[in-house]
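Asks: Fold the following for me, if possible:
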Amino acid sequence: MFKPVVNESILKRAQGAKKVQIAVHDLRDYTKDKHKKVDDRPFGGGPGMVMTPQPIFDAVKKIKGRRKAKVILTCAGGKPLTQKMAHKLSKEKNLIILCGHYEGIDERVREALVDESISIGDYVLTGGEIPAMVIVDSVTRLIPGVLGKEESLAEESFEKGLLEYPQYTRPANYKDMKVPQVLLSGHHKDINDWRHRKAKARTKKIRPDLMG
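Replies: Predicted coordinates:
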């Protein structure tokens, strides 16, 4: 699942430029079960299967080695991923992301190994692989030098507590839909004021929770 994402576009260029190193590990390589199982029935009964602790403990120990690394678990019950959190994670030297699966992960993994549980939204997915890729993408693009023009980051949604203002490009008139005149004026103060007003209006309409 990871190859089409981590080997394309910005993530591919970031790895090629040695800005980040991304490795994918298969938990089945670490299980001691002769059938390569990494899950079992939950104690106490109930539907589905639960990921067993042994392969996860062994994998984290082997991958981490003597290095310090922050261990993240992707799960629906984690803290919501935010731009502020992505900035914080981008400053970590090493990250290990555990992908939750099935009905969940043995709680002893969370208690003994996990530093932070992260969710990408209030919904349930089949597994934690897609959330892990979202985390990798959101964090990698914030590493200095990955995007090239650092000033562009400051104008993106959530960077100033607001959604991003509307953007336009050529042509100035398309099917009688015209670009706002202020953007064609060349007056930077007027343009900045317009963008700020539009960002506030868009945030108030779509994400009022961001405005406190």
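Asks: Distance from the strand ranked longest in the chain to the middle of the chain?
Replies: Across the chain, the longest stretch assigned as strand under DSSP state E is strand 70-80. In terms of C-alpha atoms, centre = their mean, to the nearest Å, the centre of strand 70-80 is found 11 Å from the chain centre.
Asks: Show which residues not belonging to the longest helix that the chain contains make contact with it.
Replies: Assignment by DSSP state H gives helix 188-206 as the longest helix of the chain. Contact partners of helix 188-206, identified using C-beta atoms under 8 Å, 6 or more residues apart in numbering, comprise 160-166, 180, 182-183, 185, 210-211. The C-beta positions use only the backbone N, C-alpha and C, and glycine is treated the same way.
Asks: Stretch 90-110 now?
Replies: 39, 42, 46-53, 56-57, 60, 63-64, 67-75, 89, 113-114, 117, 126-129, 131-132, 135-136, 139-140, 142-143.
Asks: which among these end up buried?
Replies: Buried members of these, counted by 16 or more other C-beta atoms under 10 Å: 39, 49-53, 56-57, 60, 71-75, 89, 113-114, 117, 128-129, 131-132, 135-136, 139-140, 142.
Asks: one step back: can I get the longest strand of the chain in PDB, CA atoms only?
Replies: This file holds the C-alpha atoms of strand 70-80, laid out as PDB (Å, rounded to 0.1, in the frame of the first residue of the first chain):
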ATOM      1  CA  LYS A  70       9.000   8.600  19.200                       C
ATOM      2  CA  VAL A  71       6.500   5.800  18.800                       C
ATOM      3  CA  ILE A  72       3.100   6.700  17.300                       C
ATOM      4  CA  LEU A  73       0.000   4.500  17.100                       C
ATOM      5  CA  THR A  74      -2.600   5.300  14.500                       C
ATOM      6  CA  CYS A  75      -6.000   4.600  15.900                       C
ATOM      7  CA  ALA A  76      -9.500   6.100  15.900                       C
ATOM      8  CA  GLY A  77      -9.200   6.800  19.600                       C
ATOM      9  CA  GLY A  78      -6.100   9.000  19.300                       C
ATOM     10  CA  LYS A  79      -5.600  12.700  19.400                       C
ATOM     11  CA  PRO A  80      -6.800  14.500  16.200                       C
END
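Asks: any idea how far whatever helix or strand comes next after it is from the chain center?
Replies: Using DSSP states H and E, the helix or strand that directly follows strand 70-80 along the chain is helix 83-90. When C-alpha coordinates are averaged (C-alpha atoms, centre = their mean), helix 83-90 and its chain have centres 9 Å apart.
Asks: Most distant residue from the centre of this structure?
Replies: Asp176 (38.6 Å; C-alpha atoms, centre = their mean).
Asks: Count the residues that sit near Arg13.
Replies: Arg13 has 14 neighbouring residues, counting by other C-beta atoms under 10 Å.
Asks: Where is pLDDT lowest across the contacts of helix 188-206?
Replies: Lowest pLDDT of the contacts of helix 188-206: Lys160, 77.
Asks: Give the helix, strand or coil label for that residue.
Replies: Secondary structure assignment for Lys160 (DSSP: H, G, I helix; E, B strand; the rest coil): coil.
Asks: Just read off the phi/psi values of it.
Replies: Note on Lys160: its backbone torsions stand at phi -120, psi 20 [degrees, to the nearest 10].
Asks: Can you give me every residue that contacts the spatially most central residue of the chain?
Replies: Centroid-nearest residue in the chain, with C-alpha atoms, centre = their mean: Ile135, separated by 2.0 Å. By C-beta under 8 Å, 6+ apart, the contact list for Ile135 reads 72, 74, 81, 86, 89, 97, 118, 120.
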